[in-house]
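Asks: structure, please.
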Amino acid sequence: MTDVAMSVTITRSSLGLLDLDINDHLNYIVAGPEFLGGQMSWERNQVSSPFVDGDFTVNRRRQNVTENVVIEIMAGSGLELQVNTRVLTQAFSQDEFYMKVEINGATSIYLCEAADYRLITSGPRYVAHQIQSVFSVPRRPIPTSEGLRMFLPTANPGVSGVAYPVTIARGKRLLTAPITITASATRRGSRLTTAEIDVETEEVGVSVV
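Replies: Residues are numbered from 1 along each chain as shown. Presented below is the predicted three-dimensional model:
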């Protein structure tokens, strides 16, 4: 059986902090029987007639999805466990954040809202410096390409010929490939603002504001 390689990262821009890897297998491990199960529900506007059997949908829209995300919090000491727990709960308590999920090279990015959560502890977990956290995360029903700009790499001004692994959007299609800066990049704060890049045989312009 092929191993599943999964990376899960959430942005912390509202906290003024770098993105948080919640599946680094050092401080956090995404656990549980399922993750981003893909459930979907519709809100429907329907009409009916006393002369026709059944109802007819005239309009429908996707509703937000609530995902249950189970994360094992680990540490080497009780103090470190408290710190790791606070860092994780603060990240999931932001009003809004992006969650990027990469599974065997396939990338999805979701816009999420502040999550309800509970922390599960026990005697053996305390001894092992471990807490299980369960987050109920409201997210938009479909992945978004807007979040891609939040995960673009940082480049120094004037850097040329440096390759960065990154996922970018080209229209509605997502591409994952190493990119190479072929012209001078400019810096706005700590985020890449403009660059000419080469994705395989295609030249793609990136602009982040």
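Asks: got the domain ranges for the protein?
Replies: 6-38+63-146, 152-207 (automatic domain parsing).
Asks: ranking the ones you listed by mean pLDDT, which is last?
Replies: Confidence, taken as mean pLDDT, is least for domain 152-207 of the domains of the chain (a mean of 43).
Asks: who touches the lengthiest helix in the chain?
Replies: Longest helix of the chain, by residue count under DSSP state H: helix 78-92. With C-beta atoms under 8 Å, 6 or more residues apart in numbering as the contact definition, helix 78-92 has outside contacts at 10, 12, 15, 20, 22, 27-28, 71, 73-75, 97, 114-115, 117, 119, 126, 129-131, 133, 135, 137. Quick note: C-beta positions are derived from backbone N, CA and C, even for glycine.
Asks: and that helix, what's buried?
Replies: Neighbour-count burial for helix 78-92 flags 81, 84-85, 87-88, 91-92 (criterion: 16 or more other C-beta atoms under 10 Å).
Asks: residue 52: which of those is nearest?
Replies: Among these, residue 92 lies closest to residue 52 (C-beta to C-beta), at 47.9 Å.
Asks: next, count neighbours for residue 106.
Replies: By the measure other C-beta atoms under 10 Å, the count of residues near residue 106 is 10.
Asks: now residue 129: how far from residue 91?
Replies: Distance, residue 129 to residue 91, by C-beta to C-beta, to the nearest Å: 20 Å.
Asks: how about residue 101?
Replies: 15 Å.
Asks: what sits up against the helix or strand harbouring residue 66?
Replies: Using DSSP states H and E, residue 66 falls within strand 65-74. The set of residues external to strand 65-74 that reach it, using C-beta under 8 Å, 6+ apart, is 22-23, 26-32, 34-37, 39-41, 81, 84-85, 88, 115, 129-141.
Asks: now the end-to-end length of stretch 112-119.
Replies: End-to-end span of stretch 112-119 (C-alpha to C-alpha, to the nearest Å): 20 Å.
Asks: mind listing what's buried along it?
Replies: Neighbour-count burial for stretch 112-119, counted by 16+ other C-beta under 10 Å, picks out 112, 115, 117.
Asks: do the same with stretch 131-140
Replies: For stretch 131-140, by 16+ other C-beta under 10 Å, it's 131-135, 137, 139-140.
Asks: just the ones of those in helices?
Replies: Per DSSP H, those never map to helices.
Asks: what is the burial count for residue 56?
Replies: Here the number of neighbours of residue 56 (other C-beta under 10 Å) works out to 11.
Asks: try the one 5 residues further on
Replies: For residue 61, the neighbour count with other C-beta under 10 Å is 9.
Asks: measure the closest residue to residue 5 other than its chain neighbours to residue 42 for me?
Replies: Among residues not flanking residue 5 along the chain, residue 104 sits closest, at 5.6 Å (C-beta to C-beta, 6 or more residues apart in numbering). Distance, residue 104 to residue 42, using C-beta to C-beta: 29 Å.
Asks: many thanks, I have nothing further to ask.
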